[in-house]
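1. Here is the input, now give the coordinates:
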Amino acid sequence: MSGPPLKILQILRAPVGGLFRHVADLTRELAARGHDIGIVVDILANDAQTEELLRGLDAHARLGIHRLPMPRLFGKGDLTTPFAVTRLARRLEVDIIHGHGAKGGFYARLALYGRTRAKAVYTPHGGVLHYAADSRSGRLFHQIERLLMARTSAIIFESAYAEKTYTALIGAPTCPAEIIHNGLRPEEFEPVPAAADAADFVFVGELRTLKGIFPLVEALATVPGAKLVMAGDGPERMALEARIAELGLADRVRLVGSQPARRVFTLGRCVIVPSLAESLPYVVLEAAAARLPLIATRVGGIPEIFGPMAASLVPAGDSAALAKAMQEFIDSPAQSEAAMLQLLAHIEARFSVRRMTDAIEETYRAGLEKTGA
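-> Okay, the predicted model is just below:
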């Protein structure tokens, strides 16, 4: 640690998905460095799965885990929660309030309108970037972003793609802005060997159109004999099952429901990420770190993960191109193995939790020093 310990409040609405994964990793690493961390989440985030996830952070959140109302859209909680965050920040004598996602960032900055010495840092994680500029919600949320810029000590983007999208929709940040990629824990770089009866390909993600599930099964239909395991659940599972049956793939596609990624990786010899849109998906990092060959689409921040190997990415929504990449994996396993090792070396050097936390901690301190804290 390069300075005195800090008191940091992490704010997010729902403790699920990649956003929570990021906050959890950051909390553990910052706590291990001697900082005091508190977490604020929605009061309704109380199902068994989220409670278990939050309990896993109890020992690392020395400033406590706090529940406040955070409606998904606008609601009564938006009028009361910013004041509650201000009171909490004053009571805990917090140095940094780090808001994650649209609502977390909203509360972190609004809290500074109260009397608190804390500085606000904001990571969009998609959030407001998902709203079209010409939609009513988009115009409203984007205008709020512009108004809150004056209260923001720094914006942290998890990818250059996110920064570019933010600038196009909202405008160039008038506060300091940093691109800090997500990172993996050391144990995630342990190899995951495929099971003896593993399928050719494995998909891990939500079962919805945005994840490219329909081009994926359409591509599979043109790759003779290839088998696919799909892990995840979502609103379009029934439509996916119907499409699988329509394509005559019932004996070649197995749906196994939501499971941890590394457990599912054992079920296939090559991971496929056919997304139509992404920011910086953890599953790409996790698959490469597990030492599995990887086929992915050229969307969002995925080219940043692939770095010098970005030319191997497949156009999104192009089932013919996807099928070609799948057939190449089957025909040339040695070439796929060599590409995997090259990608692994790139990710090991640039996408670790330690590297991510170093950069975020430096951003916190720069914000405090600039404002004379």
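2. rest of the way, CA atoms for contacts and neighbours
-> Noted.
3. Between the two ends of stretch 132-141, how far is it?
-> One end of stretch 132-141 to the other measures 10 Å (C-alpha to C-alpha, to the nearest Å).
4. Any stretches of the stretch 251-373 of the chain with poor pLDDT?
-> Applying pLDDT under 70 to the stretch 251-373 of the chain flags the ranges 371-373.
5. Strands of that one, residue ranges please.
-> Per DSSP state E, counting those that start in this stretch, the stretch 251-373 of the chain carries strands over the ranges 253-257, 268-273, 294-296.
6. Can I get these in CSV including distance to Arg33?
-> Shown next, in CSV, are the strands of the stretch 251-373 of the chain (distance: least, C-alpha to C-alpha, whole Å):
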stretch, distance to Arg33
strand 253-257, 37
strand 268-273, 34
strand 294-296, 34
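7. now those in CSV, with mean neighbour count and distance to Phe189?
-> Shown next, in CSV, are the strands of the stretch 251-373 of the chain (neighbours: other C-alpha atoms under 10 Å; distance: least, C-alpha to C-alpha, whole Å):
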stretch, mean neighbour count, distance to Phe189
strand 253-257, 17, 24
strand 268-273, 26, 16
strand 294-296, 23, 15
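8. The ones you listed: which one's closest to Gly126?
-> Minimum separation from Gly126 across the strands of the stretch 251-373 of the chain (C-alpha to C-alpha) falls at strand 268-273, 18.3 Å.
9. what's in contact with the closest one?
-> With C-alpha atoms under 8 Å, 6 or more residues apart in numbering as the test, strand 268-273 has contacts from 194-195, 198-204, 211-212, 228-229, 265, 283-284, 287, 292-297, 329.
10. Also stretch 227-240?
-> Residues from elsewhere that reach stretch 227-240, judged by C-alpha under 8 Å, 6+ apart: 199-209, 213-214, 220, 252-259, 264, 267-268.
11. ditto for stretch 8-15
-> Stretch 8-15 is contacted by residues 20, 23, 35-42, 45, 50, 53-54, 70, 72, 89, 94-101, 103-105, 107-108 when judged by C-alpha under 8 Å, 6+ apart.
12. Can you say which of the residues you listed are buried?
-> 20, 23, 35-42, 45, 54, 70, 89, 94-101, 103-105, 107-108 (16 or more other C-alpha atoms under 10 Å).
13. For stretch 234-252, which residues meet the burial criterion?
-> Buried, per 16+ other C-alpha under 10 Å, within stretch 234-252: 237, 240-241, 243-244, 249, 252.
14. with those in mind, which one is nearest to Gln335?
-> Arg252 (24.6 Å).
15. ok, Val202 - contacts?
-> By C-alpha under 8 Å, 6+ apart, Val202 lies in contact with 228-231, 264-265, 267-272.
16. Let's have those residues in a markdown table, adding distance to Phe157.
-> Converted to a markdown table, these look like this (distance: C-alpha to C-alpha, whole Å):
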| residue | distance to Phe157 |
| --- | --- |
| Leu228 | 34 |
| Val229 | 32 |
| Met230 | 30 |
| Ala231 | 28 |
| Val264 | 29 |
| Phe265 | 28 |
| Leu267 | 33 |
| Gly268 | 32 |
| Arg269 | 32 |
| Cys270 | 29 |
| Val271 | 26 |
| Ile272 | 25 |
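17. Specify which member of those residues is nearest to Lys76.
-> The closest of the contacts of Val202 to Lys76 turns out to be Ala231 (C-alpha to C-alpha; 37.0 Å).
18. Can you read off the pLDDT for the closest one?
-> For Ala231, the pLDDT comes out at 95.
19. try Phe74
-> pLDDT recorded at Phe74 is 76.
20. so is it in a helix, a strand, or just coil?
-> Assigned with DSSP: H, G, I helix; E, B strand; the rest coil, Phe74 falls in the coil class.
21. Now for it, how many residues are close by?
-> 10 (other C-alpha atoms under 10 Å).
22. Could I get the phi/psi values of it?
-> Phi and psi for Phe74, reported as degrees, to the nearest 10, are phi -80, psi 140.
23. 691 is where my numbering starts, stick with that
-> Done: numbering now begins at 691, and the last item shifts to Phe764.
24. how far away is it from Glu835?
-> 15 Å.
25. got it, and Ile755?
-> The value you get for Ile755 to Glu835, if C-alpha to C-alpha is used, is 26 Å.
26. How about the contacts made by Leu763?
-> Not one residue lies near Leu763 by C-alpha under 8 Å, 6+ apart.
27. Need the three-state assignment for the closest residue in space to Ala722 that isn't next to it in sequence.
-> Distances taken as C-alpha to C-alpha, 6 or more residues apart in numbering put His750 closest to Ala722, at 7.9 Å, once the chain neighbours are dropped. The local conformation at His750, judged by three-state DSSP, is coil.
28. His750 touches Gly724, doesn't it?
-> No - the criterion here is C-alpha atoms under 8 Å, and His750 misses it with Gly724 at 10.0 Å.
29. Among the two, which residue is more densely surrounded?
-> More crowded of His750 and Gly724, by other C-alpha under 10 Å: His750, with 20 against 13.
30. Can you give me the distance of that one to Gly767?
-> Counting by C-alpha to C-alpha, the gap from His750 to Gly767 is 27 Å.
31. repeat for Met999
-> Taken as C-alpha to C-alpha, the span from Met999 to Gly767 is 46 Å.
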